[in-house]
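Chemist: Fold the following and give me the result.
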Amino acid sequence: MPRVIVSSGHTAANPGSIANGLREADVARSIAKAALKYLRLNGIISLAIPPGMELLQRIEWINKSGYNRNTNDIAIEVHINDGGKTGLEVWYEGEGNNPSQRLADTLLDSVAVATGFAKQGSRSEFQHELASISFLHEILPIACLI
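Modeler: Have a look, this model is predicted:
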């Protein structure tokens, strides 16, 4: 059975977006905890990234976990964007038409139905302002960001 790693973007030292007294790191961590609880209640083997790890540490930790794409294991990282939109967007590895895009699209559809949030789309990491998202292509499991 495939396994899941859930990561929350940012840390206390690098909290990401801050608005209305909320820090991205804290909100993303709360969402990740809720997702893990749901996964485990439904019998899905899952791991959480230890808090406080910066991106390169998270990547290294994931790659040492034994989780990988050969057994269809997945890793999902939660972020809260400050782009002025409301809703959900997902990011996938490379140009798409791969397991990462299928995961991203499935996650987007499922979370939109469960939450009622609008879908803002599924995007290639190449569409990101950095033109690359390390979390997506540096780890061994199939990955996406939401």
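Chemist: Pull out the buried positions in stretch 70-77.
Modeler: With burial defined by 16 or more other CB atoms under 10 Å, the residues of stretch 70-77 counted as buried are Asp73, Ile74, Ala75, Ile76, Glu77. Bear in mind the C-beta positions are built from the backbone N, C-alpha and C, glycine included.
Chemist: Let's verify the residue nearest the centre of the chain: helix, strand, or coil?
Modeler: Closest residue to the average C-alpha location of the chain: Glu77 at 1.8 Å, with CA atoms, centre = their mean. Of the three states, Glu77 takes strand according to DSSP: H, G, I helix; E, B strand; the rest coil.
Chemist: and it, what does it touch?
Modeler: Counting by CB atoms under 8 Å, 6 or more residues apart in numbering, Glu77 makes contact with Val6, Ser7, Ser8, Gly9, Arg58, Phe135, Ala143, Cys144, Leu145, Ile146.
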